[in-house]
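>>> can't give you the sequence, but here's the structure:
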Ligand SMILES: *Cc1c(COP(=O)(O)O)cnc(C)c1O
């Protein structure tokens, strides 16, 4: 298979149209067989549920080339399960797990020319999503839905090394108690746009959202979960019902415990205890871990001892172990790597 002539190492994180995408339609209470299509455009009613009332959910995962030349995905079964949870919360039909996995495999295989080579740092980012496609004007769930998966090649997240981020404690909230913070819904992102644009305008890389009820506990950023390392070497992640359960964060906790022998804790993390932390990182599929160097709480600076030039030592070990597992350099736990080719 001849690869596309793309400068893989200099790709950014943007949309590049690839050849084939998967589409399946839900109508009269059932999903059709689904097909790969070359048509990258969607024609739907002007009154579609997604356009009027934001009935849409999504997932994000990557396909990449391992050291021994296989094309694989990382824990796609967890993306299928999370999409199911998201669908149920927004009164959408479930797309069956086996079919989800098959759709991902098909899109990757059909766009093999766009799967970046091993060592480039680039990956084929996959975007499964589902939306209400039939007309809805009185507020209720749509009757018809479309499930799609497309792929787009994306570059290495950290070009020239991971520079620690500066983040601010946000006055905006991301998710209400008992709201939709724990599902991957487009609406969670729409309402975070103003917060992130204003954070960037004020010179911050990201927002740290607190629990909206008491505003004393750390939740997550707009699109990544927090991992902290305490000064006595424990790996701690916030526990809350309104955090999106990141697959990267869950995998890193397992790696911390089972590969690195570290003590791990999933518990409430108070804003006022951040001064006791040695390291902080943001976890998500795109970057695996982005180190945080400074947290600004309304003018009060919390500077992590790991500093502003490099990842902290434990964060770095976690990053290297997980990316080693993903790239096939370190043996993976059973069921983590799905080989497509
Ligand atoms: C997708 C997402 C994450 C990261 O999840 P991964 O499965 O690790 O990619 C974290 N927070 C939010 C709000 C998200 O939408």
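Happy to help now that I have it. As the structure is a computational prediction, the values presented were derived from the model and not from experiment.
>>> quick one: whichever residue of the stretch 1-150 of the chain sits closest to the ligand from residue 154, how far?
Ranking the residues of the stretch 1-150 of the chain by distance to the ligand (CB to the nearest ligand atom) places residue 60 first, at 5.5 Å. Any C-beta I mention is one placed from the backbone N, CA and C, and that applies to glycine too. For residue 60, the distance to residue 154 equals 10 Å [CB to CB, to the nearest Å].
>>> so the residue of the stretch 1-150 of the chain closest to the ligand sits right up against residue 123, yeah?
No: counting by CB atoms under 8 Å, residue 60 stays clear of residue 123, with 11.0 Å between them.
>>> These two: which has the busier surroundings?
Using other CB atoms under 10 Å, the more surrounded residue of residue 60 and residue 123 is residue 123, with 27 against 16.
>>> what about the helix or strand where residue 168 lies, near the ligand?
Assigned by DSSP states H and E, residue 168 belongs to strand 165-169. No: using CB under 6 Å from any ligand atom, strand 165-169 stays clear of the ligand, with a minimum separation of 13.9 Å.
>>> Can you list the buried residues in that strand?
Of the residues in strand 165-169, 165, 166, 167, 168, 169 count as buried by neighbour count, 16 or more other CB atoms under 10 Å.
>>> and residue 15, how many neighbours does it have?
Neighbours of residue 15 (other CB under 10 Å): 12.
>>> The stretch 201-341 of the chain against the ligand: which residues are in contact?
So far as CB under 6 Å from any ligand atom goes, the stretch 201-341 of the chain lies against the ligand at 220, 223, 224, 225, 244, 246, 247, 248, 249, 283, 284, 285.
>>> if you set the cut-off to 8 Å instead, what comes out?
Within reach of the ligand by CB under 8 Å from any ligand atom, the stretch 201-341 of the chain has these residues: 220-225, 243-251, 283-286.
>>> shaky segments in the stretch 101-250 of the chain?
For the stretch 101-250 of the chain, the stretches with pLDDT under 70 are 160.
>>> Which parts of it are helices?
186-190, 193-201, 247-258 (DSSP state H, counting those that start in this stretch).
>>> would CSV of these with mean neighbour count be doable?
Formatted as CSV, those follow (neighbours: other CB atoms under 10 Å):
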stretch, mean neighbour count
helix 186-190, 16
helix 193-201, 14
helix 247-258, 20
